[in-house]
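*Asks:* What would the 3D arrangement of this be:
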Amino acid sequence: MAMTDADVVVVGARCAGSAAATALARAGRRVIAVDSARFPSPTISTHLMWPGGLAELARLGALDRVEALGAPRLPTASVEIPGVRAAGGYSPVDGIDYAMCVRRTGLDLALVETARAAGAEVREGARVTGLIWSDGRVAGVEVSERGGRAYALRAPFVIGADGRRSTVARLVGAARPYLSRRDGRACYYAYFDDPREDLRPVAAQWRQGAELGTAFPCDDGLTLVLLMPPDARSADFRQDPEKEYDRTIDELLPGLRERLRGCVRRSKVFGAHALESYFRASNGPGWALAGDAGHFKDPVTAQGIRDALRFGRLLGETLAGQTRPATAEEALQEAPGTPDGVDAAVAAWERRRDHECLETFYWTERTGRAEPVGPLDVEMHRALRADPALMRRFLDVYSRIVRPGAALTTPRLAGWTLRALLRPGTDRTGLLAYVARTARELRLERATLRSPPGTSDASSRASPVS
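*Replies:* Okay, the predicted model is just below:
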């Protein structure tokens, strides 16, 4: 490896990839990011960012570019079930006390521009087809550009930030998750012209029966309307997605139907179903996986962009502390970052990611189950409506400044359960069975949090694929 093209090659230049490239370039490292897309480029995403996600944009230096796209600030969040609506605001994260919903065409381009401004080279329309190996380590990538040109990029380290169907994950043998959950809901969304200025500062959610719908105002005067039906209903959408989407709003989600009065759908229906949440082994000799390539959660809690930005940036900063630009003078000296040192630092980065994300992973999995609104949901929403401080604490879980277990505490859950049991008409047998099941799951989750499944060396969980 006497000759290299970069200190780090990043495969994928969207949220995680651009964040890693920006951090590396700011530290003076030679970084090349390659992406098969040409930006601006759409991708399937519901693209809501809570204050914690916007704070990550600010840490990258990208927030001003993103704000310039014109998406409204959303200082209020609303959650509604039949008969109960709770609304509130957020605690500031680095001074940011609002959410935003920014379409990915503009968001991803802003991130690519931020990486380029920091000094990263971003090559668009370039698809990685293979990895280069040297002495058991990843030492670069093979690239095929649109138009037929093929070439190699050599680097001591490669970051795979290429999404759920990651080529890098497959080639290093890490595509199979070591922890996974099948998501309970499918996702179908479209964009509406939205003239209702009084409601454009509000990110809103409705649940009715087992159905869930949201309205998130975004850029260009549009509102993203996301439906998350039980995944079992995805067959209805596959037959005629436009018809079933409209029917769901008109017949099954009356609150959302009222919110959209006067709005006109301006896009086709986009969708995804049979999603799986997971953790993959995300580091090995000369490689790491960032963003959805290494970890994915059910979109129901809107955590994906925040985590991609945060852990992409932290991975870049980790590698920047372990590598040095190969100047002519430094070529005569011993490099400060040995391969073993780099691998150990990246393994610590993965452990940090898992430590910060595991409890949220389990909370998101429970939140995304396609279960009908029950008596415990009713009592929780009544409590949120009656107590603005509790509503704020609940929203702070979404911003990741409060742990789920610190907001949904055992005493609170017990109190809501007692009130539900005392309320006339409650199916007490069904409620007690639900509570017992949830208590068992929480005990298992707490045991897992004390000894996470991914704490063993990643190299023992993944092997290269030639």
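*Asks:* before we move on, which element is Ala87 in?
*Replies:* strand 84-88 (DSSP states H and E).
*Asks:* who's in contact with that strand?
*Replies:* 76-80, 202, 378, 381-382, 384-385, 388, 391-392, 394-395 (CB atoms under 8 Å, 6 or more residues apart in numbering). In short, each C-beta sits where N, CA and C put it, glycine included.
*Asks:* Next, the buried residues of it.
*Replies:* Val84, Ala86, Ala87, Gly88 (16 or more other CB atoms under 10 Å).
*Asks:* Show me the two of those residues that sit farthest apart.
*Replies:* Within those, Val84 and Gly88 form the most distant pair, 13.6 Å apart (CB to CB).
*Asks:* one step back: ok now the strand holding Ala87, how far from the chain's centre?
*Replies:* How far strand 84-88 lies from its chain's middle: 25 Å, per CA atoms, centre = their mean, to the nearest Å.
*Asks:* How about stretch 160-168?
*Replies:* The answer for stretch 160-168 is 14 Å, by CA atoms, centre = their mean.
*Asks:* so how far is Ser144 from the residue most central in space within the chain?
*Replies:* Nearest to the mean C-alpha position of the chain, by CA atoms, centre = their mean, lies Gly304 at 0.4 Å. Using CB to CB, to the nearest Å, Gly304 is found at 28 Å from Ser144.
*Asks:* swap in Ala16?
*Replies:* Distance from Ala16 to Ser144, by CB to CB: 22 Å.
*Asks:* Looking at these two, which one has more neighbours?
*Replies:* Set Ala16 next to Ser144 and count neighbours by other CB atoms under 10 Å: Ala16 wins out with 34 against 16.
*Asks:* and the helix or strand hosting Thr114, how far from the chain's centre?
*Replies:* In the assignment (DSSP H and E), Thr114 maps to helix 104-118. Its chain's C-alpha centre and that of helix 104-118 lie 17 Å apart, by CA atoms, centre = their mean.
*Asks:* what's the answer for stretch 348-359, then?
*Replies:* Between the centre of stretch 348-359 and the centre of its chain there are 14 Å (CA atoms, centre = their mean).
*Asks:* which stretches of the stretch 201-350 of the chain form strands?
*Replies:* Here the stretch 201-350 of the chain has its strands, by DSSP state E, counting those that start in this stretch, at 202-208, 211-217, 222-227, 264-265, 270-272, 276-279, 283-284, 287-289, 295-296.
*Asks:* out of those strands, deepest packed?
*Replies:* Ranked by mean neighbour count, these are led by strand 287-289 with a mean of 30 (mean count of other CB atoms under 10 Å).
*Asks:* buried subset of the contacts of strand 84-88?
*Replies:* For those, buried by 16+ other CB under 10 Å: 76-80, 202, 378, 381-382, 384-385, 391-392, 394-395.
*Asks:* Let me know the pLDDT of Ala458.
*Replies:* For Ala458, the pLDDT comes out at 51.
*Asks:* where exactly do the helices run in the stretch 151-300 of the chain?
*Replies:* 167-171, 234-239, 241-247, 254-259 (DSSP state H, counting those that start in this stretch).
*Asks:* Pipe those into TSV and attach distance to Gly291 per row.
*Replies:* What follows is the helices of the stretch 151-300 of the chain, written out as TSV (distance: least, CB to CB, whole Å):
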stretch	distance to Gly291
helix 167-171	11
helix 234-239	25
helix 241-247	27
helix 254-259	30
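*Asks:* For Glu67, which of the strands of the stretch 201-350 of the chain is the nearest?
*Replies:* strand 211-217 (14.3 Å).
*Asks:* what packs against that closest one?
*Replies:* For strand 211-217, the packing partners by 3 or more CB pairs under 8 Å, 6 or more residues apart in numbering; DSSP states H and E come out as strand 202-208, strand 222-227, helix 254-259.
*Asks:* what lines up beside it in the sheet?
*Replies:* strand 202-208 (antiparallel), strand 222-227 (antiparallel) (DSSP bridges).
*Asks:* Show me what it is in contact with.
*Replies:* 46, 48, 71-72, 74, 101, 185, 194, 199-207, 223-229, 248-249, 252-253, 255-256, 259-260, 300.
*Asks:* Tabulate the CA atom coordinates of it in CSV.
*Replies:* Taking Å, rounded to 0.1, in the frame of the first residue of the first chain, the C-alpha atoms of strand 211-217 are listed here in CSV:
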residue,chain,number,x,y,z
GLU,A,211,-54.1,2.6,11.8
LEU,A,212,-51.5,5.3,12.1
GLY,A,213,-51.1,8.5,10.0
THR,A,214,-49.1,11.7,10.1
ALA,A,215,-48.9,15.1,8.5
PHE,A,216,-45.5,16.8,8.4
PRO,A,217,-45.3,20.2,6.6
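*Asks:* what separates that strand from the chain centre, distance-wise?
*Replies:* 17 Å.
*Asks:* Looking at that strand now, give me its mean pLDDT.
*Replies:* 98.
*Asks:* same thing with stretch 115-134?
*Replies:* On average, stretch 115-134 scores 97.
*Asks:* Tell me which of the helices and strands packed on strand 211-217 lies nearest to Thr105.
*Replies:* strand 222-227 (11.8 Å).
*Asks:* how would you label Glu371: helix, strand or coil?
*Replies:* coil (DSSP: H, G, I helix; E, B strand; the rest coil).
*Asks:* swap in Val138?
*Replies:* strand.
*Asks:* residues contacting it?
*Replies:* Applying CB under 8 Å, 6+ apart to Val138 gives the contacts Leu131, Ile132, Phe157, Val158, Val172, Gly284, Pro285, Gly286, Trp287.
*Asks:* Tally up the residues packed near Gly173, please.
*Replies:* Count around Gly173 with other CB under 10 Å applied: 16.
*Asks:* and it, backbone torsions?
*Replies:* phi 80, psi 20 (degrees, to the nearest 10).
*Asks:* For it, give me the pLDDT.
*Replies:* 98.
*Asks:* same deal with Glu334?
*Replies:* Residue-level pLDDT assigned to Glu334 equals 34.
*Asks:* what do you get for Arg403?
*Replies:* So, for Arg403, pLDDT stands at 95.
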